[in-house]
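>>> Just the structure for this:
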Amino acid sequence: MPNSQIGIYTQKEQGEEWLRQYRGCLPVFACVLGFTETGLIPGISAAGRTPEDRKYTACADAEFLYYGPEHKAQYPLPPLAAGASPVLISRAVFESLKIPVHLFNAGLPQPPGVPVIDLGGAPAKCLSGGAAMEITTVHHLFEQGLLWGERLAANIQQGYLIVGECVVGGTTTALAILTGLGIDAAGKVNSSHPVCNHAQKFALVQAGLEKMQGSREQGAGGENFTLSLSSPVNPLQLVAAVGDPMQVVVAGMAIAASRSCGVMLAGGTQMLAVYALISAIAQAYALSWQPEAVVVGTTRWVAEDPTGATVDLALNLGKSSLTQSGRTPPLLGTHLSFANSRYPQLRAYEQGFVKEGMGAGAACIAAHLTQDWQQHQLLAAIEAQLERLSTVFD
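You can find the predicted model right below:
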C-alpha cells in the first residue's frame, strides 16, 4: 500500500477513506498567524531562544514560507536552543509541489514582512489572567474564519484545504481550551521542548480558568450563562478568556470549508484543541459542518512524543458532553525521519526538539498523497532548503 509513509493513529477506517478520497489531489494551504503573551513567559516555549526572539517567530516563519531562503528577511528565522524551524519542511514541499499558500494575520504584535490577509484581530494577553481577548474580537475573528473558509473552499474543485498555524505558546492556550471544555488533557499535550513542561503549562491554565470563573460569577461581560468547569461553557467566551486569536479563525475556516471539501488541520495539540472547539461551537450555535471531512495531520514526532500523549488526547475529544458532535478525528502523521540527515539541526528532531509547526506534518502528508513522495525525496528537498539558507548566511 503506497501509504506506508503515513501513520493513522486514530479512526483508522475514516482516516483511510479520507486518504483514498484525496490521493493525487493538490491541496491549498492557509496558514493563520497569531500571538499570545503566554509565549513570552520564560521557559514556556522553545520556538525562539529568548522571549524577545519569540515575538517575531510567526513573522519570520511566514516570510520564509512565502519567499524562501534567498530572500533578505525583514524578520530572519530566530535562533533555537536546538534544531531548525519546521517552516523548512513546509517550504520544501510547497515550493516543489507548487501548492498555493495564503497567509492570515489573526493578531500579531507587528505586521509581517509578507503579503498577508489581515483579519482585524489583536494579540492575546497571557491566558493566566483569564481575560486574554475582548469577546467582540473573538466573535469578529470567528466570522472572518467562516467567511474565508467558504471563500477558499469555493476555489477547490476536487482537492482539500490544509489549515496550519504559527502561535508561539499555542500548546499552552490549547491546553486551556481543552481543559475548559471538560476534556482530560493535563499531561497529554506536546511542546517544542524535548521533555514537555506540563507542570508549568497546567499552573497557568488553572490560574486562567479560576480567574475566568470568578469574573463570570460576578456577572461581568453581561452574558446570561455561568462559565465554570462544572457548568456548560460557551466556547467563544472560553476563547476570549484563555485562548489565542488563531483558534477561532481556524475553527471557523474548518466548519465552513468542511461543507464542500476535505480539511486537514495541520498540527498536533493545537489542532486537536481547535477540533474540540469546532465541535463545541457547532453544538452551541447549531452550525452545520461535516466531521467526516476533517482530519488532523501532524508529524510522528508529535504523534509518538513519549513526553506527551497525543493519541490519548485525540481519543478523549469525543468524551466531553460539549464536544460530542465531532467524536474523535482521524489523527494522521507523516513517518518522515531525520535520523540519517547530514544536518545536526534536523537530527535534533529525533531528540524531541521542535517536532512540528507551520503545517510541516501536513505538508509531508500532502507530498505523499499528491506525488507519492518517499522518505528520501522529502529529506533531499528539506536538506536543500537548509543548504540554500546556510549559503545565504555564509
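>>> average pLDDT for stretch 19-30?
Stretch 19-30 shows a mean pLDDT of 97.
>>> Now do it: distance to the chain's middle.
Put simply, stretch 19-30 sits 18 Å off its chain's centre (CA atoms, centre = their mean, to the nearest Å).
>>> Just the C-alpha atoms of it, please, in CSV.
The C-alpha trace of stretch 19-30 is given here as CSV (Å, rounded to 0.1, in the frame of the first residue of the first chain):
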residue,chain,number,x,y,z
LEU,A,19,-6.6,9.5,2.2
ARG,A,20,-8.2,7.4,-0.6
GLN,A,21,-10.5,10.2,-1.5
TYR,A,22,-7.7,12.9,-1.8
ARG,A,23,-4.9,10.8,-3.3
GLY,A,24,-3.5,12.6,-6.3
CYS,A,25,-5.3,15.9,-5.4
LEU,A,26,-3.4,19.2,-4.9
PRO,A,27,-4.3,21.0,-1.7
VAL,A,28,-4.5,24.7,-0.9
PHE,A,29,-2.6,25.8,2.2
ALA,A,30,-3.9,28.5,4.6
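>>> Could I get the buried residue list for it?
Residues 19, 22, 25-30 are the ones in stretch 19-30 that count as buried (16 or more other CB atoms under 10 Å). All C-beta atoms are positioned from the backbone trio N, CA, C, and that covers glycine.
>>> ditto for stretch 202-220
Residues of stretch 202-220 classed as buried: 202, 204-205, 207-209, 211-213, 215-216 (neighbour count, 16+ other CB under 10 Å).
>>> Then stretch 75-94?
Under the neighbour-count criterion of 16+ other CB under 10 Å, stretch 75-94 has 75, 77-78, 80, 82-94 buried.
>>> hmm, who's touching stretch 102-114?
Here stretch 102-114 makes contact (CB atoms under 8 Å, 6 or more residues apart in numbering) with 28-35, 55-56, 58-59, 62-63, 65-67, 73-75, 115-119, 121-124, 133, 137, 141, 148, 152, 244-246, 249.
>>> which ones are touching the residue nearest to Gln158 when sequence neighbours are not counted?
The spatially closest residue to Gln158, leaving aside those adjacent along the chain, is Cys25, at 5.3 Å (CB to CB, 6 or more residues apart in numbering). Contact analysis of Cys25 by CB under 8 Å, 6+ apart lists 158-160, 369-370.
>>> So which of the residues you listed wins on neighbours?
Neighbour tally across these (other CB atoms under 10 Å): the maximum, 28 neighbours, falls on Leu369.
>>> Now do the contacts for that one.
Per CB under 8 Å, 6+ apart, neighbours of Leu369: 6, 19, 22-25.
>>> Kindly report the same for Thr391.
Taking CB under 8 Å, 6+ apart as the test, what Thr391 contacts is Pro69.
>>> I'd like to know how far the residue nearest to Gln158 sits from Gly359.
Distance of Cys25 to Gly359, computed by CB to CB, to the nearest Å: 16 Å.
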